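> model the following, please.
(one chain, ligands or ions: 1)
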Amino acid sequence: MKSKCLLTVASVMLFTSTTVFAADDGAALYKKKCAGCHGANGEGKPALKAPALKGTSLDADQLSQHLTKGEATSKPPHNKAMSGLTEAQAKAIADYVKTLQ
Ligand code: HEC
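Residues are numbered from 1 along each chain as shown. As a prediction, the model looks like this:
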């Protein structure tokens, strides 16, 4: 009885964490949506005129705004919101970018 209960708790936790992983994993999202231009470790790609993101002076909120809203003065793709990116995903990416160094 007791062990069955524990098992249920464990599988619920496992389920929850994989769900979050799929939706909001900043590292995976970064690889998929940003690394092509900004480099696998945020080192930037001069050939693409994409600046380094590691050690950025922007904070996580500014980073996620940059993705969800874009800025008219920026060059593509950041002159508008990036497509297919939810606010939660942008936040996860921003938090991940802040860990790059
Ligand atoms: C198609 C190539 C491309 C992709 C994909 C891309 N970027 Fe960029 N990014 C650029 C370019 C080019 C600039 C420079 C734009 C400018 O200065 O106006 C830039 C600028 C930025 C800046 C501003 C840096 C600064 O110091 O001002 C941030 C932050 C940024 N990108 C984050 C991201 C993130 C996070 C992703 C993934 C969700 C991403 N970018 C995807 C090309 C790209």
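> so what's the residue nearest the centre of the chain up against?
Nearest to the geometric centre of the chain sits residue 93, at 1.6 Å (Cα atoms, centre = their mean). The neighbours of residue 93, taking Cβ atoms under 8 Å, 6 or more residues apart in numbering as the test, are 26, 29, 30, 33, 34, 63, 64, 67, 85. For every residue, glycine as well, the C-beta is placed using N, CA and C.
> apply 7 Å and report the result again.
Applying Cβ atoms under 7 Å, 6 or more residues apart in numbering to residue 93 gives the contacts 26, 29, 30, 34, 67.
> now it: which helix or strand?
helix 87-99 (DSSP states H and E).
> only alpha carbons, please: show that helix as CSV.
Extracted in CSV, the C-alpha atoms of helix 87-99 (Å, rounded to 0.1, in the frame of the first residue of the first chain):
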residue,chain,number,x,y,z
GLU,A,87,6.3,34.2,-23.8
ALA,A,88,7.2,31.3,-21.5
GLN,A,89,9.6,30.0,-24.1
ALA,A,90,11.2,33.4,-24.6
LYS,A,91,11.7,33.6,-20.8
ALA,A,92,13.3,30.2,-20.7
ILE,A,93,15.7,31.1,-23.5
ALA,A,94,16.5,34.4,-21.8
ASP,A,95,17.3,32.6,-18.6
TYR,A,96,19.5,30.2,-20.5
VAL,A,97,21.3,33.1,-22.3
LYS,A,98,22.1,34.6,-18.9
THR,A,99,23.9,31.4,-18.0
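> related to what we said a few turns ago, of the contacts of residue 93, which ones also sit close to the ligand?
34, 67 (Cβ under 6 Å from any ligand atom).
> going through the contacts of residue 93, which ones are buried?
For these, a burial check counting by 16 or more other Cβ atoms under 10 Å picks out 26, 29, 30, 34, 67.
> and the fourth one, what are its phi and psi?
Pointing back at residue 34 there. The phi and psi values for residue 34, taken as degrees, to the nearest 10, are phi -120, psi -30.
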